[in-house]
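S.K.: Return a 3D structure for these sequence lines:
(chains A and B)
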Amino acid sequence: MIDKGYDPGKIEGRWYDYWLEGGYFRAETGSERPPYCIVIPPPNITGSLHIGHALDVTLQDILIRWKRMSGFNTLWLPGTDHAGIATQNVVERELQKEGLDRHTLGREGFIKRVWEWKERYGGEIIKQLKSMGASCDWSRERFTLDEGLSRAVREVFVRLYNDGLIYRGDYIINWCPRCHTALSDLEVEHEEREGRLYYIRYRFADGGGHITVATTRPETLLGDTAVAVNPEDERYKGVVGKTVVLPILGRHIPVIADAYVDSSFGTGAVKVTPAHDPNDFEIARRHDLPFVKIMDGEGRMTDEAGPYKGQDRFECRSRIIDDLKEDGLLEKTEPHRMAIGHCYRCKTIVEPYLSEQWFVRVRPLADEAIKAVRDGRIRIIPSGWENSYFDWMENIKDWCISRQIWWGHRIPVWYCEDLQNEECRGKKGVIVSVETPNRCPYCGSARLRQDDDVLDTWFSSALWPFSTLGWPDETEDLRTFYPTSVLVTGFDILFFWVARMIMMGLRFMNDVPFRDVYIHALIRDEEGQKMSKSKGNVVDPLEMTRVYGTDAFRFTLAAYAAQGRDIRFSEKRVEGYRHFINKIWNVARFILMNQDRTGVSKGHEMRSLSLPNRWIISRLRSVIEETNRALEEYRFNEAAGCLYQFVWHELCDWYLEMIKLELYGGDEERRGAVMATLNHVFEITLCLLHPFMPFVTEELWHGLSYNTGVSSICIRRYPVPDECGYDEGALRDMQTVMDAITGIRSIRGELNLQPSLEIGVKIKTDDATGRVLNENMMYIKRLTRARDVEIGRDIEAPEDSATAVRPSMEIFVPLEGLDIGAEIERMTKELERLRERFSLLERKLSNEDFIRKAPERVVEENRLKYREFKEKIKIIEDKLERLRGLQRSHSP
RNA sequence: GGGCGGAUAGCUCAGGUGGGAGAGCGCAGCCCUUACAAGGCUGAGGUCACAGGUUCGAGCCCUGUUCCGCCUACCA
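M.R.: Now for the predicted structure:
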């Protein structure tokens, strides 16, 4: 006999090892079975499992286990991401504690150090994935800096370069002064804040007056090389072409006209700082203005900043404001809402910064990626995200891919230092190559210098669906599993990752990287706040699994995963599902206890079974259908909800309670038949549940010896409807029996009758219903604790009796000393409810338009209900009248 | 500035194509009935944010309003 309660800690590790030993998670090469593949969104090696991963992993595992059981050759490919900036930051912090920095170690030494760190801690998250029960094929685990994946990265870079889709140049990019690197537009998080708009006077050089510009960043005036106005702006017509004097520095700069300037904003005149603002950069290129860099990579002011040299950018700002005030050049300031960009890794305010970087020309790639979704080669689920996808793709700008850090894929570009011939000089000595060159291919020089930069981490993750399968080699895995089946991820990386995988997949594999993209919600705390360490509101998934068990936690996440909505996570709900698992556990206990006593017999005809047995099998058939359908449509919450409802409220509350009668009494043949049915139903139920709660289902499946012929539930065929018979009559009859039982119970409950009180019951009903009730009398008696039940079409309502009205049934419970007042109250309330509904029906049916325009089916349904309610109301009215009569005769 | 989503029971949320308002938790009453008190039975509780419109009929479709959340953006 198994333990009284379920203790997840005892069994989870054991079964996970069992699965690994059995090799159940390993994908086959050269399989006849249809492939089903998911590549995991690779977690950062710096990370530890958070609740978002837990959700992501749970949903993927549900799909993979379901498909594996359904006969597919499944591959769930796991791995981790090197996470360039994040990892570099972590290791740098560690060095800092030792009083070191990366420059003292040197590039090679530092990278060695990061690898050491990776070996030590990078595996943590993998262990945590395993503890969630993830059925990944660990023999195919990948890391974005693996040799194979690195080769893919270089290959892609070289091909894109040769196709003219990668270029290098001086542009304004987003610069993080703390991480000392360029960032792509996406890596900047914008946050709206209350700032100030400063109105600053620039005096004309000829001494006559001034022009006022408005700016949010007064310190950048040090780098101004013009003031611009709109050419159509009448106010400034006479000013264009004049010269103004830059405040503080006294430099003379021109007033120019450019259509970019919005006359309605500020004063209609804008200062132009070409080296520190992307728009000004464009203006400067149009007007051939000089570029003056006033800030360095640390965010400190350069020599160009004159008296402010060496100051921090924010210190400089306040100094400049003071100085402008002193010079009487600060006209006014206004409050101004604006979005400020922050580094997504360290939250430092980013700086628009002019520097030489590598870029991907994404327009042609994006166009193909748009087509793939438009024509349905890729489905995005829920489809609402398609709009965001299209919007972003249509307005996409070139992607800055070079990073000035050390941890990552070094850019496969070398520069010839000698430029010894015409060809070499023509190419500017730039060598782009998959293999590391020994000599310059143009001039033969051996003095080559590799580009210092590494690639954006997302550049390598964009290749993940094919680089992990062996590309650029034409491997068996690639042939079998590309395109992958579905990508499961959160919307926060739709652009970062999903969109870029689509672009790269189409470009290099000539096919989409996945057929479906399932986008799940973000998990928030109970107040709807995003979880973050600094807020201290994180829910630790590992603690959840420790306290409630992995299965309960997984089931909770699945039950929460309704499409298109954020999840507000509540621990109470996990607790609820732990109870659910305990419930399942106890079904197994129930089976084992009775099995010992009764044994099991086999091969029973459905029609020879008693009503509850025929009913539960028919219900299970529907549950199988619904679960499969829900999973097919990524409606995880519906699948979970349907199983929960079935197990708890149908299997346990009704079926088990009813068959106790047959198990405790009845003949041996009958007991054996019931046990056979129960086992059949429970075995299938465990299988249905297995993808959601792998551990407890495996444990019970073995505990109940269902493992004949198949060594693990995880490879047992996922239930199909044909495994169950279907008996519509049983569903109908069972409903009748349940109606009778709940009717009687309702009287018991509402009148507060002692459960020990054995009651007599009279039911007035038609012959057909009466026959069903009589056939199942024993269940009714047991579940209502009724002494005797009299059934007939001519039953008279006894005096002093409580009443319940059910479809085609009037139920009476005669009671000595019935509390007439209480019963009148009950009946009155019931009557009110009925009358309300009835008058609605009455109005509907007396509406000619309704009769004429509504579908026949709906009209008929309403007529039926109308008659039913009318009858019920009459019964209750009569009953009430009699009760009132009684009340009068009883009172003195 | 543009876009998207949400507002349903005290709380957290379900409600694929318009036709009987649901679940879990919580709450109240009764019950330790031999799988489970991590349980059972019976209940109470809702002008489906607001205002219009379409329709025989709207939680669901359309328009507008309010509040909340998110994404996105080069008006300094």
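
S.K.: residues touching A:I166, list them.
M.R.: If a contact means C-beta atoms under 8 Å, 6 or more residues apart in numbering, then A:I166 has A:157, A:160, A:358-361, A:401 as its contacts. Bear in mind the C-beta positions are built from the backbone N, C-alpha and C, glycine included.

S.K.: again, only using 7 Å
M.R.: For A:I166, the contact set (C-beta atoms under 7 Å, 6 or more residues apart in numbering) comprises A:157, A:160, A:358, A:360.

S.K.: Let's see which of those end up in strands.
M.R.: Filtering those for membership in strands, criterion DSSP state E, returns A:358, A:360.

S.K.: For RNA strand B, state which of the contacts of A:I166 is nearest.
M.R.: When these are ranked by distance to RNA strand B (C-beta to the nearest atom of the strand), A:V360 comes first, at 15.3 Å.

S.K.: Quick one: residues contacting the closest one.
M.R.: Taking C-beta under 7 Å, 6+ apart, we find A:V360 in contact with A:160, A:165-166, A:398-399, A:401.

S.K.: which of those lies closest to A:E298?
M.R.: A:I401 (23.0 Å; C-beta to C-beta).

S.K.: With adjacent residues omitted, what lies nearest to A:I431?
M.R.: Nearest non-adjacent residue to A:I431, counting by C-beta to C-beta, 6 or more residues apart in numbering: A:W414, 4.3 Å away.

S.K.: which outside residues touch the helix or strand where that neighbour lies?
M.R.: A:W414 belongs to strand A:413-416 when assigned by DSSP states H and E. For strand A:413-416, the external contacting residues (C-beta under 7 Å, 6+ apart) are A:424, A:429-432, A:437, A:440, A:442-443, A:445, A:448-451.

S.K.: Which of those fall in strands?
M.R.: Among those, the members falling in strands (DSSP E) are A:430-432, A:448-450.

S.K.: how far away is A:D296 from RNA strand B?
M.R.: Per C-beta to the nearest atom of the strand, to the nearest Å, A:D296 is found 20 Å from RNA strand B.

S.K.: One more: A:Q595?
M.R.: For A:Q595 relative to RNA strand B (C-beta to the nearest atom of the strand), the value is 11 Å.

S.K.: what residues are up against that residue?
M.R.: By C-beta under 7 Å, 6+ apart, A:Q595 lies in contact with A:M675.

S.K.: Format the contacts of A:V360 as CSV; extra columns: secondary structure.
M.R.: What follows is these, written out as CSV (DSSP: H, G, I helix; E, B strand; the rest coil):
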residue, secondary structure
A:L160, helix
A:L165, coil
A:I166, strand
A:D398, coil
A:W399, strand
A:I401, coil
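
S.K.: near RNA strand B, from those?
M.R.: For RNA strand B, no contacts are drawn from the contacts of A:V360 by C-beta under 7 Å from any atom of the strand.

S.K.: Just put these in CSV and tack on pLDDT.
M.R.: Shown next, in CSV, are these (pLDDT from 0 to 100):
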residue, pLDDT
A:L160, 96
A:L165, 95
A:I166, 95
A:D398, 93
A:W399, 94
A:I401, 95
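
S.K.: can you tell me which two in the contacts of strand A:413-416 are farthest apart?
M.R.: Pairwise distances across the contacts of strand A:413-416 (C-beta to C-beta) peak at 18.4 Å, for the pair A:C443 and A:D451.

S.K.: Show the secondary-structure elements that the single longest helix found in chain A is packed against.
M.R.: Scanning chain A for the helix with the most residues, using DSSP state H, yields helix A:856-890. Contacts defined by 3 or more C-beta pairs under 7 Å, 6 or more residues apart in numbering; DSSP states H and E place helix A:856-890 against strand A:801-806, helix A:820-845.

S.K.: angle of that helix against helix A:820-845?
M.R.: Counting by axes from the mean of the first three to the mean of the last three C-alpha atoms, to 10 degrees, helix A:856-890 lies at 150 degrees to helix A:820-845.

S.K.: So which residues make contact with the helix or strand hosting A:V244?
M.R.: If you go by DSSP H and E, A:V244 is part of strand A:243-245. Contact with strand A:243-245 is made by A:202-205, A:211, A:227, A:252-255, as judged by C-beta under 7 Å, 6+ apart.

S.K.: hmm, try it at 8 Å
M.R.: A:202-206, A:210-211, A:227, A:251-255.

S.K.: what's the answer for stretch A:740-757, then?
M.R.: With C-beta under 8 Å, 6+ apart as the criterion, stretch A:740-757 contacts A:759, A:761, A:763, A:773, A:779-780, A:783-786, A:802-806, A:809, A:811, A:813, A:815, A:818-819, A:822-823, A:826.

S.K.: Restricted to buried residues, select those residues in PyMOL.
M.R.: Of these, the buried ones go into a single PyMOL selection, burial set by 16 or more other C-beta atoms under 10 Å:
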select buried, chain A and resi 759+761+763+773+779+780+783+784+785+786+802+803+804+805+806+809+811+813+815+818+823+826
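
S.K.: so which of the helices and strands packed on helix A:856-890 comes closest to A:N279?
M.R.: If you check each of the helices and strands packed on helix A:856-890 against A:N279 by C-beta to C-beta, helix A:820-845 wins as the nearest, at 63.0 Å.

S.K.: ok, and for the closest one, which residues are buried?
M.R.: By 16+ other C-beta under 10 Å, the buried positions in helix A:820-845 come out as A:820, A:823-824, A:826-827, A:830-831, A:834, A:838, A:841, A:844.

S.K.: Please list which of those are also close to RNA strand B.
M.R.: Okay, of the buried residues of helix A:820-845 touching RNA strand B (C-beta under 7 Å from any atom of the strand), that's A:K844.

S.K.: for the buried residues of helix A:820-845, which one is nearest RNA strand B?
M.R.: Taking C-beta to the nearest atom of the strand as the measure, RNA strand B sits nearest to A:K844 out of these, at 6.9 Å.

S.K.: contacting residues around that closest one?
M.R.: A:850, A:862.

S.K.: Can you give me the pLDDT of it?
M.R.: A:K844 carries a pLDDT score of 88 in this model.

S.K.: related to what we said a few turns ago, for A:D101, find the nearest of the helices and strands packed on helix A:856-890.
M.R.: Judging the helices and strands packed on helix A:856-890 by C-beta to C-beta, what sits closest to A:D101 is helix A:820-845, at 76.0 Å.
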